[in-house]
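Asker: pasting the sequence and the predicted coordinates here, then a few questions.
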Amino acid sequence: MSARQPLTLLIHACAALLAAVSLAVTHHTGLEERPTALAFGLLVTVGELSRWTGARVREAAPLGAAGAMSYALLGEDAGQPTHHGVTQVVAVVLAAALIGSVPHIAFGRGPVLDHLARRVLTVGFAAVCFQPLYLRGAFGEWHGPAYALLLLALLALTALCDAVLAAALAHSRTRWPFGPLLRDELHALLGIGSAVCATGAVMALAVAVVGLWALPVFSLPLLLTQLSFKRYAAVRTTYRQTITSLARATEIAGYTPAGHARRVAALSRAVGRDLGLTRPELTVLEYAALMHDIGQLSLVDPVPAGATAGLPTAEQRRIALLGGAVVRQTGVDPAVAVVVERQADPYREQPLAARIVRAVNAYDEKARDAGPGGPLTALEELRLATAGDYAPEVVESLARVLARDCLTLPVAG
């Protein structure tokens, strides 16, 4: 068993325990307000069926999340008080989420268990914060703006808990540092997360006044938002594919070995994660790593095997500047061109992304040429050169990434 499994198992076990207790209690006591439960269950099911997994987004099923949260915070239905409690909320949302996840499970799309565990625990948290107090009449004096602010505050607190859960599961699954993952999750709350919270609160308030007819009306804006996110993700995917195609030009022309740019990009992104770069910074780093050799297209005589790490410093800088000029003409983010241009500068003068590209590029070239013991030999050579050529923190981060991925072992001492 790997060291990263206990945290995932703990979260899944807590979710499974809450789900089992909720299902057992609901089966024993029966459903309260069955039409309401069916309506919200159908809404969550539709939201889960429309979930997408290809984009790098925080909430893949915003409609399902908003429906689940609004049911957890539902106090009245068309002016009549409801009587469903915490266990019924969890049971209904779980059943609906399971039904909506069947196609995703069948096609193997994404970490479904993690998604279900988050949904159960966050809905349970919101319901525990609201339903017992509501059933006791604690909110009887809350009306108008005060009640709406109460729901928004509970939803915001639930969203924060969900962000912590998402970061913990991602940390356990990928072994990336928890801090940067949590920062990315919290940053994402300003986007689709705020839309989910606002829609969940509005649904609960609207159903309390006009009844279940409010659900389809207030679902439409979130569905349109989800469609916009899908289109944005498609544009980003096309953009990345274009950059990847440009990066392959050096391989097709015979200037660099096949797969070199992709390996450097993947390893650079992993090192950037380990060093705590933000998501936008990781994107710039990945694009720069993909295009770091594009300056070689301007050379009359190709560098043998495309290995620029062993060239004189002046020649490395000339190729880097040529590459930066090419990148600027493609219309890519200017920050990418800066990283490409400065990858051959003294590391103390480089931005962190350029330090990473320089070290990872050298590692890939050295590991490729060093035979069976290539990874260890290349890493040792980089460590010996940290006095002047490579940033020590980047080399040590590279060693950690390689060790975690079982590509090599850290050198003793």
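Answerer: Thanks, I have it.

Asker: how about the nearest residue to Tyr363, chain neighbours excluded?
Answerer: Once its chain neighbours are removed from consideration, Tyr363 has its nearest residue in Ala378; the separation is 5.1 Å (CB to CB, 6 or more residues apart in numbering). Every C-beta, even on glycine, is put in place using the N, C-alpha and C of the backbone.

Asker: ok, now how distant is the one you found from Ile356?
Answerer: Relative to Ile356, Ala378 is positioned 15 Å away (CB to CB, to the nearest Å).

Asker: looking at the two now, which is surrounded by more residues?
Answerer: Here Ala378 and Ile356 are set side by side on neighbour count (other CB atoms under 10 Å), and the busier one is Ile356, at 32 against 23.

Asker: now do the helices in the stretch 101-250 of the chain.
Answerer: Shown for the stretch 101-250 of the chain, the helices assigned by DSSP state H, counting those that start in this stretch span residues 112-135, 144-174, 178-188, 194-210, 214-247, 249-252.

Asker: could you dump these into JSON lines with mean pLDDT and distance to Gln350 added?
Answerer: Supplementary listing: the helices of the stretch 101-250 of the chain in JSON lines, determined by pLDDT from 0 to 100; distance: least, CB to CB, whole Å:
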{"stretch": "helix 112-135", "mean pLDDT": "91", "distance to Gln350": "37"}
{"stretch": "helix 144-174", "mean pLDDT": "89", "distance to Gln350": "27"}
{"stretch": "helix 178-188", "mean pLDDT": "85", "distance to Gln350": "21"}
{"stretch": "helix 194-210", "mean pLDDT": "88", "distance to Gln350": "36"}
{"stretch": "helix 214-247", "mean pLDDT": "82", "distance to Gln350": "21"}
{"stretch": "helix 249-252", "mean pLDDT": "84", "distance to Gln350": "22"}
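
Asker: contacts only, for the residue nearest to Tyr363.
Answerer: Counting by CB atoms under 8 Å, 6 or more residues apart in numbering, Ala378 touches Ala362, Tyr363, Lys366, Ala367, Ala370.

Asker: can you confirm the second one is in a strand?
Answerer: No - with DSSP: H, G, I helix; E, B strand; the rest coil as the criterion, Tyr363 is assigned helix and is not in a strand.

Asker: tally of neighbours for it?
Answerer: For Tyr363, the neighbour count with other CB under 10 Å is 28.

Asker: for it, report the pLDDT, please.
Answerer: Per-residue pLDDT puts Tyr363 at 91.

Asker: I figured it was touching Leu382, is that so?
Answerer: Yes - taking CB atoms under 8 Å as the contact criterion, Tyr363 and Leu382 are neighbours in contact, 6.0 Å apart.

Asker: residues contacting stretch 15-31, please?
Answerer: Residues beyond stretch 15-31 that count as contacts (CB under 8 Å, 6+ apart) turn out to be 37, 84, 86-92, 94, 116-118, 120-121, 124.

Asker: over that stretch, what's the mean pLDDT, rounded is fine.
Answerer: If you average the pLDDT values across stretch 15-31, you get 94.

Asker: pull the distance from it to the chain's centre.
Answerer: 31 Å (CA atoms, centre = their mean, to the nearest Å).

Asker: kindly report the same for stretch 233-242.
Answerer: For stretch 233-242, the distance to the chain centre is 17 Å (CA atoms, centre = their mean).

Asker: swap in stretch 14-33?
Answerer: Using CA atoms, centre = their mean, we find the averaged C-alpha position of stretch 14-33 to lie 31 Å away from the chain's own average C-alpha position.

Asker: quick one: buried residues of it?
Answerer: Along stretch 14-33, the positions that meet the burial threshold by neighbour count (16 or more other CB atoms under 10 Å) are Ala15, Leu18, Ala19, Ser22, Thr26, Leu31, Glu33.

Asker: show me those residues that map onto helices.
Answerer: Taking DSSP state H as the definition of helices, those contribute Ala15, Leu18, Ala19, Ser22, Thr26.

Asker: for Gln296, state which of these is nearest.
Answerer: Ala15 (51.3 Å; CB to CB).

Asker: nearest spatial neighbour of that closest one, chain-adjacent residues omitted?
Answerer: In space, Ala15 comes closest to Ala117 once its chain neighbours are excluded; the distance is 3.8 Å by CB to CB, 6+ apart.

Asker: could you give me the buried positions within stretch 31-45?
Answerer: Of the residues in stretch 31-45, those buried (16+ other CB under 10 Å) are Leu31, Glu33, Thr36, Ala37, Ala39, Phe40, Gly41, Leu43, Val44, Thr45.
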